[in-house]
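*Asks:* Any chance you could fold what I've pasted below:
(one chain, ligands or ions: 1)
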Amino acid sequence: MITRKKTRQIMVGDVAVGGDAPIAVQSMTNTDTRDVAATVSQVERLEAAGCEIVRVAVLDLAAAAAIRAIRDQIRIPLIADIHFDHRLAVAAMENGAQGIRINPGNLGGPEKLARVVAAAKAHHVPIRVGVNSGSVEKDILKKHGHPTPAALVESALRNVALLEELDFREIKISLKSSDALATIDAYRLLSERCDYPLHLGVTEAGGLIAGTVKSSVALGMLLYEGIGDTFRISLTRDPVEEIRVCYELLRSLHIRQRGPELISCPTCGRCQVNLFGLAEEVERHIQNMTVPLKIAVMGCVVNGPGEAREADLGVAGGHGVGILFKKGELYKKVPEAELLAVFLAELDKMAAQHEKGGQ
Ligand code: SF4
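*Replies:* This is a model prediction of the structure:
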């Protein structure tokens with residue numbers, strides 16, 4: 001059982017973050033935000049995959065203005081990611097951004113920050129204080145020697161204090177390092193020092209395999225310890241892949257489940273069907289399904305039937321055939337040539353029944 005650290009709850013649009021709210025899954029678009037059609041299209045794909053909050057980069061006033069048209073066409077809350085220019089933060093909020101991610105210390109001084117905070121209060125927009133290894137202030141760096149976890153935390157709390165001095169508390173915090181162990185230490189430390197909701201992430205984590213492993217190690221440990229209220233898995237990939245990894249991570253920790261769980265064996269010398277092809281096609285088919293079914297795709301009749309029986313729908317490969325199991329019972333034998341089509345048809349039938357509540 002994971003005991004979640006109790007944090008203050010904030011609202012990002014209509015999504016609650018922190019407190020007893022479910023851990024929210026985020027991603028960030030990699031389109032030019034000024035290109036409204038491309039950005040909306042990517043957000044729609046993210047929404048279909050289960051993304052709950054999306055962040056867009058705001059590099060200039062045209063991008064801030066584009067937020068209005070983007071917001072009109074998407075359903076999930078939008079956060080504007082801003083560096084250095086307080087005018088972009090204000091413009092993003094005026095155009096409907098439901099959250100902003102800034103580093104309060106690098107907006108150009110107290111007056112400019114006060115303008116941002118005034119706009120955030122007027123528009124009921126929370127602020128994510130985003131600190132990373134590159135943003136740690138010089139004096140803190142000098143004190144710690146490097147952007148150590150303690151330095152990241154000190155920098156974050158200093159930036160948070162700037163907002164608190166303006167009587168602003170609708171805050172969440174992120175502390176990003178590209179090192180998994182430093183990320184764990186930093187968030188642990190921060191979690192002891194404040195009760196603001198935390199956005200977890202490993203920055204510049206890498207491509208699909210390296211990024212997934214690094215992020216899963218760091219975020220998995222933190223989430224297991226009850227730390228973290230929202231998170232993003234950063235990958236050098238199509239951001240839709242980030243969402244899939246997010247849900248697999250939450251599923252592995254038994255925190256949240258979305259869509260079917262696919263269990264498939266790695267195959268070995270006993271396998272007598274084209275299991276890789278079958279598993280890949282099944283995986284593609286279930287990508288945007290939301291029903292929580294357990295599916296098993298196994299290569300042989302030695303170990304396959306055990307897993308297949310435990311699943312809602314399972315198949316164990318035989319010599320040129322697949323043996324289908326439904327809800328733990330042997331259902332039928334299907335020639336390999338028809339296996340994929342029959343399996344997917346059964347899966348769709350089961351999903352439809354599940355959606356109707358008639359499982
Ligand atoms: S289920 Fe069968 S084919 Fe797959 S890894 Fe296990 S023994 Fe090998």
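*Asks:* so how far is Gln42 from the closest residue to Asp179 other than its chain neighbours?
*Replies:* Sequence neighbours aside, Val202 is the residue nearest to Asp179 in space, at 7.9 Å (criterion: CB to CB, 6 or more residues apart in numbering). The way it works is simple: take the backbone N, C-alpha and C, and place the C-beta from them, glycine included. Applying CB to CB, to the nearest Å, the value for Val202 to Gln42 is 22 Å.
*Asks:* before we move on, what about Gln257?
*Replies:* Using CB to CB, Gln257 is found at 25 Å from Gln42.
*Asks:* Kindly report the same for Asn274.
*Replies:* From Asn274 to Gln42 the distance is 33 Å (CB to CB).
*Asks:* what does Asn159 give?
*Replies:* Taken as CB to CB, the spacing of Asn159 relative to Gln42 amounts to 30 Å.
*Asks:* go on, Gln98?
*Replies:* Noted for Gln98: a distance of 18 Å to Gln42, by CB to CB.
*Asks:* Ok, Phe84 next?
*Replies:* 25 Å.
*Asks:* Between those two, which has more neighbouring residues?
*Replies:* When Phe84 and Gln42 are compared on other CB atoms under 10 Å, the one with more neighbours turns out to be Gln42, at 23 against 12.
*Asks:* And the next helix or strand past whichever strand or helix holds that one?
*Replies:* Counting by DSSP states H and E, the element that carries Gln42 is helix 36-49. Following helix 36-49 in sequence order, the next helix or strand is strand 53-57 (DSSP H and E).
*Asks:* Can you tell me the number of residues neighbouring the closest residue to the ligand within the stretch 1-150 of the chain?
*Replies:* Across the stretch 1-150 of the chain, the shortest distance to the ligand (CB to the nearest ligand atom) belongs to Ala49, at 28.5 Å. Applying other CB under 10 Å, we find 22 residues neighbouring Ala49.
*Asks:* surely it meets Ile286?
*Replies:* No. Judged on CB atoms under 8 Å, Ala49 makes no contact with Ile286 at a distance of 11.7 Å.
*Asks:* And Leu166, how far from Ile82?
*Replies:* Here Leu166 is placed at a distance of 17 Å from Ile82 (CB to CB).
*Asks:* These two: which is more packed in?
*Replies:* Between Leu166 and Ile82, Ile82 has the larger neighbour count (other CB under 10 Å), namely 27 against 17.
*Asks:* what packs against the longest helix seen in the chain?
*Replies:* Secondary structure of the chain per DSSP state H: the longest helix is helix 336-356. On a contact count with 3 or more CB pairs under 8 Å, 6 or more residues apart in numbering; DSSP states H and E, helix 336-356 meets helix 275-286, strand 313-317, strand 321-326, strand 329-335.
*Asks:* Now for the residue nearest to Glu261 when sequence neighbours are not counted: which residues touch it?
*Replies:* Leaving out its chain neighbours, the residue that sits closest to Glu261 by CB to CB, 6+ apart is Lys294, at 5.0 Å. Residues near Lys294 by CB atoms under 8 Å, 6 or more residues apart in numbering: Pro260, Glu261, Ile263, Glu310, Ala311, Asp312, Leu313.
*Asks:* OK, now which residue of the stretch 51-200 of the chain is nearest to the ligand?
*Replies:* Closest point on the stretch 51-200 of the chain to the ligand, by CB to the nearest ligand atom, is Ala180, at 29.7 Å.
*Asks:* What does that residue show for phi and psi?
*Replies:* Taking degrees, to the nearest 10, you get phi -60, psi -50 for the backbone angles of Ala180.
*Asks:* Then Val129?
*Replies:* The phi/psi pair for Val129 (degrees, to the nearest 10) is phi -80, psi 110.
*Asks:* can you give me the helices in this structure?
*Replies:* Counting by DSSP H, the chain has helices at residues 36-49, 61-73, 86-94, 110-123, 138-144, 149-164, 180-193, 208-224, 239-252, 275-286, 304-310, 336-356.
*Asks:* Now render these as a markdown table, adding mean pLDDT.
*Replies:* Putting the helices of the chain into a markdown table (pLDDT from 0 to 100) gives the following:
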| stretch | mean pLDDT |
| --- | --- |
| helix 36-49 | 97 |
| helix 61-73 | 98 |
| helix 86-94 | 97 |
| helix 110-123 | 96 |
| helix 138-144 | 94 |
| helix 149-164 | 96 |
| helix 180-193 | 96 |
| helix 208-224 | 95 |
| helix 239-252 | 95 |
| helix 275-286 | 93 |
| helix 304-310 | 82 |
| helix 336-356 | 92 |
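*Asks:* Fine by me, we can end here.
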